[in-house]
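Trainee: Structural data only, the sequence is not supplied:
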């Protein structure tokens, strides 16, 4: 029997709240989120318009996959609004944006542990500071509201909806063409 799941989960990627987290809670399975900082987006190092505070940032890399993911993250107003709220709460709490984002995800239902990565020891020490940060109910409510999940391409967006409403029988044209 599985005891944990490893899913992508962060303030920028909350769609697992629709089904995965309720199923995990129902079955007593813990969650070990990966990319809790959305690949560094929630650390505050990225700026609107493609700028970054770090020259070695992942999404400025030549790797097409990283560029695609970076464009998806930076392409939504919701993510920029979330990052702005993370920064405000960090300022209020005397913390870093990374610490706020990590504290939020670490204290979510079913999360049993969080992967805290860093490129440098300084980043690692800063990120580990999230373990001592306890966000108050107001801050959590603000983060929950601004980052509320929205149906994405699959399985909840247009593509997934088309798949769910597709009835397959012997008269299905697509099957006859196989």
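Mentor: In hand now; what should we look at? Predicted, not measured: the structure shown is a model, and the values here were computed from it.

Trainee: And the next helix or strand past the helix or strand residue 125 falls within?
Mentor: Element membership of residue 125, judged by DSSP states H and E, is helix 121-128. Downstream of helix 121-128, the next assigned helix or strand under DSSP H and E is helix 137-146.

Trainee: That next one: which residues count as buried?
Mentor: 139, 140, 142, 143, 146 (16 or more other CB atoms under 10 Å). Where you see a C-beta, it was placed from the backbone N, CA and C, and this is true even at glycine.

Trainee: same deal with stretch 34-45?
Mentor: In stretch 34-45, counting by 16+ other CB under 10 Å, buried: 35, 36, 37, 38, 39, 40, 41, 42, 43, 44, 45.

Trainee: end-to-end on it?
Mentor: 19 Å (CA to CA, to the nearest Å).

Trainee: tell me the mean pLDDT for that stretch?
Mentor: Stretch 34-45 shows a mean pLDDT of 89.

Trainee: if we look at it, which residues are touching it?
Mentor: With contacts defined as CB atoms under 8 Å, 6 or more residues apart in numbering, stretch 34-45 is touched by 6-13, 46, 52-54, 57-59, 66, 69-70, 73-74, 79, 82-83, 86-87, 90, 96-98, 101-102, 105-106, 114-117, 127.

Trainee: Can you give the distance from stretch 98-115 to the centre of its chain?
Mentor: 11 Å (CA atoms, centre = their mean, to the nearest Å).

Trainee: begin at 140 from here
Mentor: All right, first residue 140 from here; so that's stretch 237-254.

Trainee: how about it: buried residues?
Mentor: Those would be 237-245, 247, 249-250, 253, for stretch 237-254 by 16+ other CB under 10 Å.

Trainee: cool, stretch 210-225 as well?
Mentor: Here stretch 210-225 shows 211, 212, 213, 218, 219, 221, 222, 224, 225 as buried, counting by 16+ other CB under 10 Å.

Trainee: So what touches that stretch?
Mentor: Contacts of stretch 210-225 (CB under 8 Å, 6+ apart): 150-151, 177-178, 180-181, 183, 185, 187, 189, 198, 236, 239-240, 281-282, 285-286, 289.

Trainee: try 6 Å
Mentor: 150, 151, 177, 180, 181, 236, 239, 240, 281, 285, 286 (CB atoms under 6 Å, 6 or more residues apart in numbering).
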